[in-house]
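> Below are the sequence and a predicted model; questions follow.
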Amino acid sequence: MAHKKSHPTALHEKDGIEQPEIVSSASVAQIRQYRRQQPTSEQLIAGILSGDKIALSRAITLIESTSTTHLEKANEVIKACLPHANKSVRVGITGVPGVGKSTFIEAFGKYLTGLGKKVAVLAVDPSSSISHGSILGDKTRMEELVKDENAYIRPSASGESLGGVARKTRETIILCEACGFDTILIETVGVGQSETAVHSMVDFFLLLNLAGAGDELQGIKRGIMEMADAIVINKADGDNIKRARLAKTEYNRALHLFPMKNSGWSPKVTTCSALTQEGIPDVWNTIEDYFKLTRENGYFHQKRKEQNQYWLLETINEQLKQHFYNHPDIQVLLEENKKAVQNNEISPFAAAQLLLDNYFK
């Protein structure tokens, strides 16, 4: 009896067809080799001063790095760029979540590049307190501005820094100015008391707000209102125009209750629509009026000097804190005292004093 040939079952897997090579392996190897070659401090400095955005990005990455080996190199770059900085205007932009900060910045940035300005946008994304991750989606949201040759967008994670800005943002401003950007826009995480941090590094503080989102005068803390040099009611389009005008009137009344600013400037309230571009030129005109006044009365340069002094002290505080927590002996003692505090064997204040005494010895 002849043996029957066995047939494969329905589950039998046929040999696949090899796909053609999509990515050139030679190109991949070339890119990997290029990435391995870390540019020297001199190359980065030369690139930044010639307006090279790639060199600028790589230098900012160095600044943001927590590696001690990168710190020395980053300081060399900053020191060389410092004489070429301080030639821009710095505008801080904040607002309640959902106010349309990214849409506004794109419309505003495009308007400024249309005037011949070179605009750098430092967008700070909030970091998750659980996963410590950030989306960093600002380049996606500003798809038109990111293609503009006269614009540069750098999203950064806020990390644990207050208000999403710290020494790294301050130093990034210096590099952007050295690279030839004359208008720096800093977008912060959102409204809160920590906005003092961004206020300490910009010349003009702009607060974006919405109309028809509740009681406008109670919706924002007094502190943020006092810091604002201008309040812009965004999304003033369609059915929202009437509400935006009403909100403008209410804010103008509220601002009269605040004491006069040291700059001699009376904060202005305007409306705009980032969608239709309506009112965007008025925002820039307001900012220019502010700079004209503060340069004439000397406040502009005085504020810059005070900011430099503030960041000197902030840097010392940050370095001390970092050195304290990275000290090997303190790390061991800290873990021991954490457990002791949890078990109520020692008070948090006594434990803190014990750690500090050991550190300073």
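Yep, it's here. Residues are numbered from 1 along each chain as shown.
> which residues does the residue nearest the centre of the chain bridge with?
Residue closest to the average C-alpha location in the chain (CA atoms, centre = their mean): Val124, at 2.9 Å. Counting by DSSP bridges, Val124 forms beta bridges with Ser156.
> That one contacts Thr169, correct?
Yes. Counting by CB atoms under 8 Å, Val124 does reach Thr169; the two are 7.1 Å apart. For the C-beta atoms, the positions are set from N, CA and C on the backbone; glycine is no exception.
> Output the contacting helices and strands for the helix or strand containing Glu306.
Glu306 belongs to helix 299-326 when assigned by DSSP states H and E. In terms of contacts (3 or more CB pairs under 8 Å, 6 or more residues apart in numbering; DSSP states H and E), helix 299-326 is packed against helix 167-178, helix 280-296, helix 328-342.
> Can you say which of these is packed in most?
Counting by mean count of other CB atoms under 10 Å, helix 167-178 has the highest mean neighbour count of the helices and strands packed on helix 299-326, with a mean of 23.
> chain center to it: distance?
11 Å (CA atoms, centre = their mean, to the nearest Å).
> quick check: angle from the following helix or strand past it to helix 167-178?
Sequence-wise, the next helix or strand downstream of helix 167-178 (DSSP H and E) is strand 183-187. Using axes from the mean of the first three to the mean of the last three CA atoms, to 10 degrees, the inter-axis angle of strand 183-187 relative to helix 167-178 is 160 degrees.
> got a list of contacts for strand 183-187?
For strand 183-187, the external contacting residues (CB atoms under 8 Å, 6 or more residues apart in numbering) are 88-94, 101-102, 105, 108-109, 112, 117-124, 138, 165, 169, 173, 176-177, 198, 201-202.
> Give me the next element, helix or strand, following it.
helix 196-199.
> returning to that earlier point: overlap in contacts of Val124 and Thr169?
Contacts common to Val124 and Thr169, judged by CB under 8 Å, 6+ apart, are 156, 186.
> Pull out the buried positions in the helix holding Glu306.
299-300, 303, 307, 311, 314 (16 or more other CB atoms under 10 Å).
> Give me the distance from that helix to the chain's centre.
18 Å.
> again with stretch 283-301
23 Å.
> Can you tell me what sits against that stretch?
89, 91, 108, 111-112, 115, 203-204, 206, 229-230, 232, 262-265, 268, 270, 272, 303.
> From Asn262, how far out is Gln309?
16 Å (CB to CB, to the nearest Å).
> Tell me which of the helices and strands packed on helix 299-326 approaches Ala351 most closely.
helix 328-342 (4.2 Å; CB to CB).
> circling back to that earlier point, just give me the closest of the buried residues of helix 299-326 to Gln38.
Nearest to Gln38 among the buried residues of helix 299-326, counting by CB to CB, is Trp311 at 27.7 Å.
> so the closest one makes contact with Ile174?
No. The pair Trp311 / Ile174 is not scored as a contact, 10.5 Å apart, by CB under 8 Å.
> what about Thr188, neighbour count?
Counted with other CB atoms under 10 Å, the neighbours of Thr188 add up to 27.
> what pLDDT does it get?
On pLDDT, Thr188 comes in at 79.
> How about Ile45?
On the pLDDT scale, Ile45 gets 93.
> Ok, Leu11 next?
63.
> Make 30 the starting number, not 1.
Sure thing, new numbering starts at 30, so read that last one as Leu40.
> so what's Gly209 closest to, chain neighbours aside?
Gly80 (4.8 Å; CB to CB, 6 or more residues apart in numbering).
> Any chance of a PyMOL selection covering the buried ones in the contacts of stretch 312-330?
PyMOL command restricting the contacts of stretch 312-330 to the buried ones, with burial defined by 16+ other CB under 10 Å:
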select buried, resi 118+120+137+140+141+232+233+235+258+259+261+292+294+297+299+301+332
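> Least confident secondary structure element in the protein?
Lowest on mean pLDDT, DSSP states H and E among the helices and strands of the chain sits helix 167-170, with a mean of 58.
> Leu174 touches Val150, doesn't it?
Yes. With contact defined as CB under 8 Å, Leu174 counts as touching Val150 (7.2 Å).
> measure the residue nearest to the centre of the chain to Thr97 for me?
24 Å.
> element containing Leu237?
strand 233-239.
> Counting by contacts, list what that strand packs against.
strand 118-124, helix 251-256, strand 259-263, helix 309-325.
> right, and the ones you listed - which one's nearest Pro357?
The nearest among the helices and strands packed on strand 233-239, by CB to CB, is strand 118-124 at 39.0 Å.
> in terms of contact count, name the helices or strands touching the closest one.
Contacts defined by 3+ CB pairs under 8 Å, 6+ apart place strand 118-124 against helix 130-143, strand 212-216, helix 225-228, strand 233-239, helix 309-325.
> Which of those has the lowest mean pLDDT?
helix 225-228 (a mean of 73).
> Now do that helix: distance to the chain's middle.
For helix 225-228, the distance to the chain centre is 11 Å (CA atoms, centre = their mean).
> With stretch 75-85 instead?
Worked out by CA atoms, centre = their mean, stretch 75-85 lies 20 Å from the chain centre.
> Same question for stretch 230-241.
15 Å.
> Buried residues, it. List them.
230-240.
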